[in-house]
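J.: attaching a predicted model along with its sequence, questions to come.
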Amino acid sequence: MRVVVVGAGITGLTAALTLLDDAPGTDVVVLDAADHPGGKIATGPFAGHQVDCAADAFLARVPDGIRLCERLGLRDALVTPAARTAYLYSRGELRRFPEGLLLGIPTDLDALAASGVLSPEGVARAALDLTMAPDYSAGPDEAVGSLVRRRLGDEVYDVLVGPLLSGVNAGDADWLSVAAGAPQFTAALRDHGSLIAGARAQRAAATAVDPDAPVFFGLPGGMARLVAQLTEAVVAGGGVIQTSTAVTSIAAPASGGYLLDVTDGQGPRQIEADALLLATPLYVTGPLLASLGRSAPAGLVDEAGSARHTALAEVAADMTEVEYASAIMVTLAVPKVAIDHPLDASGFLVASGEGLLLTACSWASSKWAHLDSSDTAILRASAGRHHDRRALELTDDDLVAALLDDLAVTMGVAGPPTEVRVSRWPHSLPQFRPGHLERVEAWHQVLAHASPPIVAAGAGFEGLGLPACIRQGRAAAKTLAQQVF
């Protein structure tokens with residue numbers, strides 16, 4: 001039995017390892033068009049350290065990342081940030097985030113007022129949420145922006161919730177699905193009739209278990225260390241990983257199974273598979289399923305017995321309609337003496353309306369003890385948001401110059417960097433619009449009728465972040481195994 005996994009990012013690699021763990025002896029082949037496994041996870045040498053080019057941590061309170069690290073023998077290597085607080089650039093200056101936020105929802109209004117991140121009018125408007133009539137509806141999914149603005153006012157959204165949630169996917173939380181991007185908000189309003197009261201209850205429940213529990217975990221040596229261990233485990237389990245191998249189309253021949261057209265360094269060829277697991281971005285998954293739909297594979301039939309290739313083509317088209325945002329991370333090594341602001345936090349976010357190209361800056365050498373040094377600060381400056389192409393259209397030199405101007409304004413960077421690295425991530429972050437999870441469920445329902453089996457998963461399906469992708473990879477592998485074995 002050969003299972004081909006298309007995509008060697010964290011989702012595909014986790015799926016491959018799960019298949020090998022649960023069904024030893026399965027012929028698992030992982031294909032990826034890139035020249036290395038890992039997808040959007042990348043780490044490289046910088047300022048004498050190994051510094052991540054994208055994600056540098058994962059949520060500690062979500063178990064999936066920890067469990068994978070345990071499986072790979074990395075649990076004891078995990079570290080927590082040395083700095084657990086952060087700043088917000090709001091109303092023209094850096095202000096420390098107030099205590100008691102839950103995804104930007106304030107739970108301590110006194111701390112919120114004292115922080116100065118909101119105007120007095122903004123704090124007063126937020127407090128109305130506690131006395132407003134409950135308006136939870138079990139109806140259609142709505143956008144984060146409409147929910148937060150309605151309950152807490154524009155200022156809480158623009159200054160707190162928007163920057164936090166928009167930064168996760170380089171998007172616009174005004175259009176972010178609550179169900180997909182902030183299900184805690186729905187639970188808060190449903191259970192307590194108020195976002196603030198519900199957020200208070202959720203925070204109290206979390207801290208009651210362990211008030212000092214870490215929020216994030218990282219790895220000395222970077223997240224590429226996780227990919228390296230995962231890749232090694234797949235190969236040790238008998239799996240094969242072929243990079244620089246692009247899958248261009250899929251067919252279901254009458255003889256059974258699937259036939260994949262691939263292109264690698266040796267030119268075009270074909271690979272046979274008994275079952276497929278697609279762990280690619282939706283703009284790749286959709287066209288691959290469309291090519292399969294055109295071959296009208298036997299077995300893709302609906303309840304009435306008619307061919308389901310039309311339904312598959314509709315799913316493929318729907319997947320390609322999901323928008324993706326691009327992001328850029330510029331890593332800078334700057335002498336500490338050239339920075340005016342104390343580096344006493346993990347970094348800062350930029351509130352909307354501040355007129356900056358910069359969206360966030362992580363003070364990596366303060367955030368992680370293993371990156372700290374006596375004389376050099378490592379800064380990771382982010383730019384780029386959905387429907388904002390200013391950063392994407394600049395050359396590297398112009399982009400660095402613009403971000404240095406913003407860093408001078410926000411945190412007093414006065415000297416030139418001693419080292420610079422620009423990491424561009426085009427079309428890397430899916431945008432979850434209201435109703436997204438219902439769309440995903442409809443996709444899974446169509447694929448569930450595929451014979452031979454085919455499943456699909458990844459960041460564009462049910463959530464961003466390493467734990468979410470790890471969870472989806474495991475779930476997809478187990479779903480496929482139930483159909484195959």
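T.: Yep, that arrived.
J.: can you tell me the SS state at the residue nearest to residue 174 when sequence neighbours are not counted?
T.: Leaving aside its sequence neighbours, residue 174 sits nearest to residue 145 (C-beta to C-beta, 6 or more residues apart in numbering; 3.2 Å). Heads up, the C-betas are built off the backbone N, CA and C, glycines and all. Classification of residue 145 by DSSP: H, G, I helix; E, B strand; the rest coil places it in helix.
J.: let me see the contact set for residue 145.
T.: 157, 162, 172, 173, 174, 175, 176 (C-beta atoms under 8 Å, 6 or more residues apart in numbering).
J.: the fourth one: neighbour count?
T.: Counted with other C-beta atoms under 10 Å, residues neighbouring residue 173 total 26.
J.: before we move on, the earlier item: redo the contacts of residue 145 as JSON lines? Include secondary structure and pLDDT.
T.: Output for these, formatted as JSON lines (DSSP: H, G, I helix; E, B strand; the rest coil; pLDDT from 0 to 100):
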{"residue": "157", "secondary structure": "helix", "pLDDT": "95"}
{"residue": "162", "secondary structure": "helix", "pLDDT": "92"}
{"residue": "172", "secondary structure": "coil", "pLDDT": "88"}
{"residue": "173", "secondary structure": "helix", "pLDDT": "90"}
{"residue": "174", "secondary structure": "helix", "pLDDT": "92"}
{"residue": "175", "secondary structure": "helix", "pLDDT": "93"}
{"residue": "176", "secondary structure": "coil", "pLDDT": "94"}
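J.: what is the least confident helix or strand in the protein?
T.: The helix or strand of the chain with the lowest confidence, counting by mean pLDDT, DSSP states H and E, is helix 162-169 at a mean of 87.
J.: same for that helix, what does it pack against?
T.: Contacts defined by 3 or more C-beta pairs under 8 Å, 6 or more residues apart in numbering; DSSP states H and E place helix 162-169 against helix 178-181, strand 347-350, strand 358-363.
J.: in terms of helix, strand or coil, where does residue 452 fall?
T.: coil.
J.: my guess is it meets residue 252, correct?
T.: Yes. Counting by C-beta atoms under 8 Å, residue 452 sits close enough to residue 252 to count as a contact (7.4 Å).
J.: so which of those two has more stuff around it?
T.: residue 252 (23 against 17).
J.: and the more buried one, how far is that from residue 187?
T.: 42 Å (C-beta to C-beta, to the nearest Å).
J.: mean confidence (pLDDT) on the helix or strand containing residue 438, please.
T.: Secondary-structure assignment from DSSP states H and E places residue 438 in helix 436-447. Taken as a whole, helix 436-447 carries a mean pLDDT of 96.
J.: go ahead and confirm residue 216 touches residue 55.
T.: No. Contact status for residue 216 versus residue 55: not in contact, 10.3 Å apart, counting by C-beta under 8 Å.
J.: domain parsing of this structure, as residue ranges.
T.: 2-38+222-323+433-484, 98-209, 324-430 (automatic domain parsing).
J.: which of these sits closest to residue 92?
T.: Of all the domains of the chain, domain 324-430 sits nearest to residue 92, with 7.6 Å by C-beta to C-beta.
J.: how far does the closest one stretch from start to finish?
T.: 4 Å (C-alpha to C-alpha, to the nearest Å).
J.: follow-up on the earlier one: now mean neighbour count too, for the helices and strands packed on helix 162-169, in TSV please.
T.: Compiled in TSV, these are given as follows (neighbours: other C-beta atoms under 10 Å):
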stretch	mean neighbour count
helix 178-181	23
strand 347-350	23
strand 358-363	24
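J.: looking at these, spot the one closest to residue 83.
T.: Closest among the helices and strands packed on helix 162-169, using C-beta to C-beta: strand 358-363, at 7.3 Å.
J.: now tell me what touches that closest one from outside.
T.: Contacts for strand 358-363 (C-beta under 8 Å, 6+ apart): 56, 83, 163, 166-167, 170, 343, 345-350, 377-385, 403, 406-407, 410-411.
J.: let's see 6 Å
T.: Residues outside strand 358-363 that contact it (C-beta atoms under 6 Å, 6 or more residues apart in numbering) are 167, 343, 347-350, 379-383, 403, 406.
J.: let me know the next secondary structure element after it.
T.: helix 364-367.
J.: what packs against that next one?
T.: Other elements packing on helix 364-367 under the criterion 3 or more C-beta pairs under 6 Å, 6 or more residues apart in numbering; DSSP states H and E are strand 376-383.
J.: now do the strand it packs on against strand 358-363, angle only.
T.: Orientation note: strand 376-383 sits at an angle of 160 degrees relative to strand 358-363 (axes from the mean of the first three to the mean of the last three C-alpha atoms, to 10 degrees).
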